[in-house]
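Peer 1: with the input below, show me the fold.
(one chain, ligands or ions: 1)
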Amino acid sequence: MRANGRPLTTTSPTAVRNLGILAHVDAGKTTITERILFTTGAIHKRGEVHHGTTVTDYDPQERDRGITIFAAAVSCTWAGHHVNLIDTPGHVDFSDEVERSLRVLDGAVAVFDAVAGVEPQSETVWRQADRHGVPRIAFVNKLDRAGADLDTAVASIRRRLGVVPLVVQLPIGREDAFTGVVDLVTMRSLRWTAGSADFESGPVPEPLREEAGRRRRLLEETVAELHAGALEEFCADSALSDGTLARALRELTLRGDGVVVLCGSAYRNRGIEPLLDAVVAYLPAPADMPPVRGMADGSEQERAPDPAEPFAALAFKVTATPTGRLTHLRIYAGTLRKGGTVLDATTGRTERVGRILRVQADRHEDREEAVAGDIVAVIGLKSARAGTTLCAPGAPLVLEPPTVAEPVVSVA
Ligand code: GDP
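Peer 2: Just a heads-up that it's a prediction; the model follows:
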């Protein structure tokens, strides 16, 4: 096991991933969220959805202390990065809540069922994320189920979503015998120990070498094709090295030209570590995002994702908990300090920042400050509502509503 999940003391806009998990109801969003928290060490006990024991509800006392992982966002750490899991409403409509949740995240994992493939609702969520330009990777879940088949699921991603799949894993074993994956970027295998969260990394098993080699070449060819025009940059040599392949996959993900596809069984805790590695490797950090725009004194202004900029944040959810009224913020620019003041751009009121909390699965961690890219909850704000802009009193700004791009036409 890797030494992940250690508390990080500092945050930088490059070492954060603000992540949403987008899924059809029943595809496994709750299970994956819970396994991510378990794998990162944010929780120490695994729960099962069908036993009613996931973090959301497994300890009534914890719930009484105001801890609900789906309230707004929950933080964990992986490979030196803060991963903020942002709740995306399960029901898909065009309500403000869905729009806001898509606005505060920088990247997402789209979850598909390995038996059903792309279902109507997953297609709707996908289109919605397209309209917001949210970079995504795909996780084909439930590979342990009877009838599960990665290739069929990948074909349905290509057909129904009209996107080029970049399959970076080859499953080891089928259905009940699914025990691991070959990572086609590093050409190493990962095998999970039955009944445990432990895994072993090793060379590609002999019987899979030819198939893995074939799939790696297919991945390279697809990447090269999508990178037409800039090929010299990515393949100076005839073959892509692991590092350049990973870099090319990241760029394609950020451009939305292809989707990296991973697979696993969340229920059996298989595939979560590589998924987290892919989140860190391929999805953008807040520092990669363009500046936010807003209006100030009748003119348009921008704020870069930089702690030194004037403070600007969006309140995206307000929850009442026994700890107090928590205003959940996505900070786009500047630095928020405990004891400082912020301007509520909607009401024109100046308010004091009582406490700054990083919301974790089983506790709240007090912080002295939070910077651009962070997602935190603040206690002490009386008037802010979901959708309110908070800014530096000396530099007022009202953030623009999210810009929604034209829908991407489906390829039948
Ligand atoms: P959500 O509605 O997307 O949040 O889905 P859940 O996480 O609640 O999962 C729906 C059902 O699928 C539950 O009964 C889970 O136990 C089950 N499930 C989730 N992941 C897997 C998996 O990898 N394999 C199998 N066989 N079942 C799973």
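Peer 1: next, count neighbours for residue 398.
Peer 2: Other residues within reach of residue 398, judged by other Cβ atoms under 10 Å, total 15. The C-beta positions use only the backbone N, C-alpha and C, and glycine is treated the same way.
Peer 1: tell me the bridge partners for it.
Peer 2: Beta-bridge pairing of residue 398 under DSSP bridges involves residue 295.
Peer 1: ok, the residue in the stretch 151-300 of the chain that the ligand sits nearest to to residue 31 distance?
Peer 2: Evaluated by Cβ to the nearest ligand atom, the stretch 151-300 of the chain has residue 267 as its residue closest to the ligand, separated by 3.2 Å. Residue 267 is 6 Å from residue 31, where distance means Cβ to Cβ, to the nearest Å.
Peer 1: between these two, tell me which one has more neighbours.
Peer 2: Each of residue 267 and residue 31 has its neighbours counted (other Cβ under 10 Å); residue 31 has more, 24 against 18.
Peer 1: where along the stretch 151-300 of the chain do the strands fall?
Peer 2: Ranges of strands in the stretch 151-300 of the chain, per DSSP state E, counting those that start in this stretch, are 165-167, 169-172, 180-183, 188-192, 199-202, 259-263, 292-296, 299-303.
Peer 1: mind checking which of those strands is nearest residue 356?
Peer 2: Counting by Cβ to Cβ, residue 356 lies closest to strand 299-303 out of the strands of the stretch 151-300 of the chain; the figure is 19.2 Å.
Peer 1: need the contact partners of the closest one.
Peer 2: Outside strand 299-303, the residues that touch it by Cβ atoms under 8 Å, 6 or more residues apart in numbering are 291-295, 309-310, 312, 332-334, 397.
Peer 1: ok, which pair from the residues you listed is furthest apart?
Peer 2: 295 and 334 (17.1 Å).
Peer 1: partners of residue 270 in the sheet?
Peer 2: The partner residues for residue 270, given DSSP bridges, come to residue 265.
Peer 1: mind listing what it touches?
Peer 2: Taking Cβ under 8 Å, 6+ apart, we find residue 270 in contact with 143-144, 178-180, 192, 264.
Peer 1: let's see if you can find the most crowded of the residues you listed.
Peer 2: Busiest of the contacts of residue 270 [other Cβ under 10 Å] is residue 264, holding 30 neighbours.
Peer 1: which residues of the stretch 201-350 of the chain lie near the ligand?
Peer 2: 265-267 (Cβ under 6 Å from any ligand atom).
Peer 1: reformat these as CSV; add pLDDT.
Peer 2: Listed next are those as CSV, based on pLDDT from 0 to 100:
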residue, pLDDT
265, 96
266, 95
267, 93
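Peer 1: could I get those residues in JSON lines, plus columns for distance to residue 128?
Peer 2: Listed next are these as JSON lines, based on distance: Cβ to Cβ, whole Å:
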{"residue": "265", "distance to residue 128": "27"}
{"residue": "266", "distance to residue 128": "23"}
{"residue": "267", "distance to residue 128": "26"}
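Peer 1: mind putting the contacts of residue 270 in CSV, distance to residue 201 and pLDDT included?
Peer 2: CSV is the format used below for these (distance: Cβ to Cβ, whole Å; pLDDT from 0 to 100):
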residue, distance to residue 201, pLDDT
143, 19, 97
144, 20, 97
178, 17, 95
179, 13, 94
180, 10, 95
192, 11, 91
264, 15, 97
